[in-house]
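**Student:** sequence plus predicted model, see below.
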Amino acid sequence: MIARVLAVALALLASGQASAAERRFALVAGEPDGGAGTVRLRYAERDARRIHEILTRVGGVRPEDARLLLSEGAGAFRRALEELGAASAAARALGDRTILVVYYSGHAKDGALRMGGGRVALDELRAALERAPADVRIGLLDSCRSGAIARAKGARPAPTFDVKTGDEAGPSGLVLIASSAAGEDSQESDAVGASWFTHHLASGLLGGADASGDGRVTLAEAYAYAYARTVGSTASSEGGVQHPVFLYDLGGAGDVVLTDLAPLAGGIALSAASEGLYVVLDRSGRAVAELAKTAGSERRIALPAGRYQVKKRLPDESGLLVARVDVDRAAFPLDDARMDRVPLDRDPQKGWRGTTVSLLAGAGSQRFFSRAARDGLFPPATLLGAELSVRDDLGHGLAWGLDLALGGGTGTVRLPDVAPIPVTFGELAGGVSLWKDIRLGALTLSGGGRVAFTWLQRSFPARENLPSQSFFTVAPGLTASAAWRFTRRISAVARGRVAFLFYDVDRNESLGFGEVLLGVEYALLD
């Protein structure tokens, strides 16, 4: 019953089945910052990116008809919704059937979606969807207490809903699905690196929810799968059981297909004999899909080309079955016999914390503050540097990095009773830093400590009788930076450091110095 009913509603979202052409539009927003009184969410932006990728790859939404908003606020959300509504109206005027999907991952509180310092009331969003010029409007909200958006019409936490059938050309109307009931919290999980609801919804759209086995995932199938898996995943959590809810107000006939997997041959094909919970991890160990499978029929998970690991925990808790899978254009056939048995302590997903690895390259300057600097022994230097950083590996918001800098400068040494002496100054430094990130939308502020190991060299090219000088020392200090993210992976960074080093070449003195750097940071793994 669940499979039949849930296969009826999300079906026109990814591949058109009606006689008229079909055009799909999607607004996908991830807002980790809910403003005052909320804790920053770890996975809201990743959840949004996953849904955007699925809708544009297998959901029938053209890239130009999708808007992905990451920490862009309430104003950008309203503008994007208005733009997509206008585009949908234009498509309908040309005779196309249209579907509009709005997905939101973030905070909801006091009857409103919380987007940084902005708010979008749930009643406002519902009214906007009700009047949007599209044949089918679907709202998917993954946020605490978001079920209130559908409460006025009796939304209920339940795994099924009825779908009307008849002779009409296709369904039309409104569907609202919320990740939790009006009085419940929606929960994130470090185990899967996502919110539970979006993780199961995404897994369902990639094939986990295809109960009929026809290669298409309908609204009803997706909701049934996400409901059952979310309830099961949160049943023993500290936050309590989380029950997704829906409001279904569609008329007409047919199913709303959210994803059509048939045109894509790639992915992982589990044999009919396979049975259990299979979790798919990407190269970084993040869960990208899972499939709760029963024996008796084949099932395919549609994935982009790449290398993955598939794991299945054995029912007697005696270990895991693990396989490495290379997905290309053809589906990779997999069954338990092709998987290796390993002990539980080798779980490839164990301990994953949403790590981000980034590379920063930039240029800056260095200036010493001491008397030795005023005498010209440490002239201002220009530095070129690079840093490899790992974020959220030691804990949420904590980061560490390894850096390397090379530079130098020229100046003039001025000592009492000595004629000015030209000097050339060179430096090679490597350091390790630990800092805390504070994320404020696209802006990230950071502060922490650093220890550098520095080699300094000084020569006097105009005075052949003066030998070159060099020494190696340790320089502890503090570091602070501000980064502005322009795209998912690229940020502009301004960084400042203050530190001191112990100097004992011609005197014993602790020299203070400062550095500033401007650079570009690229997320290698996110």
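**Tutor:** Sure thing, it's come through.
**Student:** got a list of contacts for the helix or strand harbouring Leu140?
**Tutor:** Assigned by DSSP states H and E, Leu140 belongs to strand 136-142. For strand 136-142, contacts defined as Cβ atoms under 8 Å, 6 or more residues apart in numbering pick out 10, 12-13, 47, 51, 98-106, 108, 113, 125-126, 129-130, 149, 171-179, 186, 195, 197-198, 201, 219, 250, 256. For every residue, glycine as well, the C-beta is placed using N, CA and C.
**Student:** show me how far that strand is from its chain's centre.
**Tutor:** Relative to the centre of its chain, strand 136-142 is centred 20 Å away, using Cα atoms, centre = their mean, to the nearest Å.
**Student:** what's the following helix or strand past that strand packed up against?
**Tutor:** As assigned by DSSP H and E, the chain's next helix or strand after strand 136-142 is strand 172-178. Here strand 172-178 touches helix 122-131, strand 136-142, strand 245-251, going by 3 or more Cβ pairs under 8 Å, 6 or more residues apart in numbering; DSSP states H and E.
**Student:** residues near Leu501, how many?
**Tutor:** Residues lying near Leu501 (other Cβ atoms under 10 Å) number 22.
**Student:** beta partners for the residue nearest to it when sequence neighbours are not counted?
**Tutor:** Leaving aside its sequence neighbours, Leu501 sits nearest to Ala475 (Cβ to Cβ, 6 or more residues apart in numbering; 4.0 Å). Note on Ala475: beta-bridge partners by DSSP bridges are Ala452.
**Student:** contact partners for Ala475?
**Tutor:** Counting by Cβ under 8 Å, 6+ apart, the residues that Ala475 touches are Ala429, Gly431, Val451, Ala452, Phe453, Thr454, Ala499, Phe500, Leu501, Phe513.
**Student:** distance to Ser88 for those residues - can I get that in JSON lines?
**Tutor:** JSON lines is the format used below for the contacts of Ala475 (distance: Cβ to Cβ, whole Å):
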{"residue": "Ala429", "distance to Ser88": "57"}
{"residue": "Gly431", "distance to Ser88": "53"}
{"residue": "Val451", "distance to Ser88": "57"}
{"residue": "Ala452", "distance to Ser88": "56"}
{"residue": "Phe453", "distance to Ser88": "60"}
{"residue": "Thr454", "distance to Ser88": "60"}
{"residue": "Ala499", "distance to Ser88": "57"}
{"residue": "Phe500", "distance to Ser88": "62"}
{"residue": "Leu501", "distance to Ser88": "63"}
{"residue": "Phe513", "distance to Ser88": "59"}
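**Student:** which among the residues you listed end up buried?
**Tutor:** By neighbour count, with 16 or more other Cβ atoms under 10 Å, the contacts of Ala475 hold Ala429, Gly431, Ala452, Thr454, Ala499, Phe500, Leu501, Phe513 as buried.
**Student:** pLDDT check: weakest of those residues?
**Tutor:** Lowest pLDDT of the buried ones among the contacts of Ala475: Leu501, 84.
**Student:** that one and Leu517, how far apart?
**Tutor:** To Leu517, Leu501 is 18 Å away according to Cβ to Cβ, to the nearest Å.
**Student:** now do Gln309
**Tutor:** Separation of Gln309 from Leu517 (Cβ to Cβ) stands at 38 Å.
**Student:** cool, and Asp392?
**Tutor:** Asp392 sits 23 Å away from Leu517, going by Cβ to Cβ.
**Student:** for Ala405, see how far away Phe502 is.
**Tutor:** Separation of Phe502 from Ala405 (Cβ to Cβ) stands at 19 Å.
**Student:** quick one on the thing from earlier: and of the contacts of Ala475, the nearest to Arg489?
**Tutor:** Looking at the contacts of Ala475 and their distance to Arg489, the nearest is Gly431, at 24.1 Å (Cβ to Cβ).
**Student:** tell me the bridge partners for the closest one.
**Tutor:** With DSSP bridges applied, Gly431 shows beta-bridge pairing to Asp403, Ala452.
**Student:** show me the contacts for it.
**Tutor:** Neighbouring residues of Gly431 by Cβ under 8 Å, 6+ apart: Leu402, Asp403, Ala405, Arg450, Val451, Ala452, Phe453, Ala475.
**Student:** what residues are up against the residue nearest to the fourth one when sequence neighbours are not counted?
**Tutor:** In this case it means Arg450. If the residues on either side of it in the chain are set aside, Arg450 comes closest to Ser433, at 4.1 Å by Cβ to Cβ, 6+ apart. Neighbouring residues of Ser433 by Cβ under 8 Å, 6+ apart: Glu387, Trp400, Gly401, Asp403, Gly448, Gly449, Arg450, Val451, Thr479.
**Student:** can you give me the strands for the stretch 201-350 of the chain?
**Tutor:** Residue ranges of the strands in the stretch 201-350 of the chain, as given by DSSP state E, counting those that start in this stretch, are 216-218, 245-251, 257-260, 267-270, 276-281, 287-293, 299-301, 306-313, 320-327, 331-334, 340-342.
**Student:** so which bits of the next helix or strand after the last one are buried?
**Tutor:** For strand 340-342, the succeeding helix or strand toward the C-terminus, using DSSP H and E, is strand 356-368. Within strand 356-368, the residues scored as buried using 16+ other Cβ under 10 Å are Thr356, Ser358, Leu359, Leu360, Gly362, Gly364, Gln366, Phe368.
**Student:** same for strand 356-368, what does it pack against?
**Tutor:** Looks like strand 356-368 contacts strand 381-391, strand 490-503, strand 509-525 (3+ Cβ pairs under 8 Å, 6+ apart).
**Student:** one more pass at 10 Å, please.
**Tutor:** With contacts defined as 3 or more Cβ pairs under 10 Å, 6 or more residues apart in numbering; DSSP states H and E, strand 356-368 has these neighbours: strand 381-391, strand 398-413, strand 421-440, strand 469-485, strand 490-503, strand 509-525.
**Student:** figure out which of those strands is closest to Val28.
**Tutor:** Once the helices and strands packed on strand 356-368 are compared by Cβ to Cβ, strand 469-485 is nearest, at 17.2 Å.
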